[in-house]
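Student: fold the following.
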Amino acid sequence: MPVNFASDNAAPVAPKIMAALQRANNGAAPSYGHDGLTRQVEDKLRDLFECDLRAFPVATGTAANVLGISSFSPPYGAVFCHPLAHIDNDECGAPEFYTGGAKLVPVAGADGKIDPRALEEAVLEGGGSVHHVMPSVISITQATECGSVYRPDEIAEIGILAQKHGLALQMDGARFANALAFLNCHPADITWRVGVDVLSFGATKNGAMGVEAVVFFNMEKAREFEFRRKRSAHLFSKMRYLSAQLDAYLEAEYWRELATNANRMAERLADGIRGIPGATICYPVEANIIFAKLPEAALECLAVSNILYHRRANDTDGKIRLVTSWNTTEQDIDALLNVIS
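Tutor: Numbers count the residues shown, from 1 in each chain. Below you'll find the predicted structure:
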């Protein structure tokens, strides 16, 4: 059987989440989010973040991101993001489509994080002129596509900048649980307390079958979002099957248990790679993603093994991406290290 390091999306459903789906399948329940599970999920998220909020389950990370962003950006808006951000590379123009034409403006920074100084320069460059798109939203990814994690003070600096210029701050939290497991801080410390208006609260990459929650800390936009979700075909009639996943995910911090294993396995794998002559780790390993440059001999062995991994077509310097998951084991790590050592 192949050993998966290609993507956390390839991992199976975590047992408690699968069991929750089976329980939700007993009998009838009100439709379109009027069921008890959906209300319970919102209450659990309020408890988790220790604030009032609105939360809306959707089926995909792309839907969570673009519907959240479109709630704050007009068609003539500018959405600032890192050049490696998922919304700029892997969402097929969905942000532009759902905002009605807003422009994504990449802002560089080390290790997948937006540089605040470069961000302010980009915001000021065309702001106020009808000949340019209007600065509207800043989107950050936590944990980043490189596997690094924003610290609370880093998000706060961007949050202050957003408030200064009247911009919304959106967080792509597809791997939010991995970031929290690494930081070991309160969820509020990297969201609403530091200026985040809307969060894509990810679960699919961390053991769910397929669900994310769009969490609004800025309550003004929540009512409008209900219409956006319906119009985009993401208001599920049988919403309880999405909410059942989130309910189990949030119960007794199951999300943390799952993410902690993924992070711990990534750290173990990174330590092993560092011991291979000629191998290097490209970015800080702070979540469950590792980018590594391997010697050609190691790549050749990997190519004929049963190890699944990701290598971009334009990466010709030996760089690969390895992703650990909630169910990655020490035996999986050892199997990979034995192949490339």
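
Student: helices of the chain, start to end?
Tutor: 15-24, 36-49, 61-70, 86-89, 94-99, 116-126, 152-165, 176-183, 222-231, 240-250, 254-274, 296-303, 330-340 (DSSP state H).

Student: what helices or strands is the second one leaning on?
Tutor: Helices and strands touching helix 36-49, as assessed by 3 or more CB pairs under 8 Å, 6 or more residues apart in numbering; DSSP states H and E, comprise strand 54-58, strand 212-216, helix 240-250. (Each C-beta comes from the backbone N, C-alpha and C, glycine too.)

Student: if we go to 10 Å?
Tutor: helix 15-24, strand 54-58, strand 198-202, strand 212-216, helix 240-250 (3 or more CB pairs under 10 Å, 6 or more residues apart in numbering; DSSP states H and E).

Student: neighbouring strands for the fourth one, and are they parallel or not?
Tutor: Which is strand 212-216. strand 54-58 (antiparallel), strand 198-202 (antiparallel) (DSSP bridges).

Student: what angle do the last one and helix 176-183 make?
Tutor: This points to strand 198-202. In terms of direction (axes from the mean of the first three to the mean of the last three CA atoms, to 10 degrees), strand 198-202 departs from helix 176-183 by 90 degrees.

Student: repeat that for the first one.
Tutor: Angle of strand 54-58 versus helix 176-183, following the same axes, to 10 degrees, is 120 degrees.

Student: I'd like to know how far the residue nearest to the spatial centre of the chain sits from N261.
Tutor: The chain has A174 as the residue nearest its centroid, 1.8 Å off, counting by CA atoms, centre = their mean. Going from A174 to N261 by CB to CB, to the nearest Å gives 17 Å.

Student: and N327, by the same measure?
Tutor: As for N327, its distance to N261 is 8 Å (criterion: CB to CB).

Student: likewise R231?
Tutor: From R231 over to N261 (counting by CB to CB), the distance is 38 Å.

Student: more neighbours, these two?
Tutor: N261 (20 against 11; other CB atoms under 10 Å).

Student: contact partners for that one?
Tutor: Listed by CB atoms under 10 Å, 6 or more residues apart in numbering, the contact set of N261 reads 181, 206-207, 288, 324-329.

Student: narrow those residues to those that are buried.
Tutor: Neighbour counting by 16 or more other CB atoms under 10 Å classes 181, 206-207, 288, 324-328 among these as buried.

Student: can you pull the pLDDT of the closest residue to V198 other than its chain neighbours?
Tutor: Leaving out its chain neighbours, the residue that sits closest to V198 by CB to CB, 6 or more residues apart in numbering is G68, at 4.3 Å. Listed pLDDT for G68 reads 98.

Student: list the contacts of G68.
Tutor: G68 makes contacts with 56, 58, 98, 137, 139, 168, 170-172, 197-200, 212, 214-216, 221, 225, 228, as judged by CB under 10 Å, 6+ apart.

Student: that older thread, pick out the most distant pair among the contacts of N261.
Tutor: Of all pairs drawn from the contacts of N261, the one with the longest distance (CB to CB) is A181 and T329, at 17.5 Å.

Student: okay, now S129: neighbour count?
Tutor: Per other CB under 10 Å, the neighbour tally for S129 reads 9.

Student: spit out the contact partners of it.
Tutor: So S129 contacts nothing (CB under 10 Å, 6+ apart).

Student: cool, G93 as well?
Tutor: 66, 87, 104.
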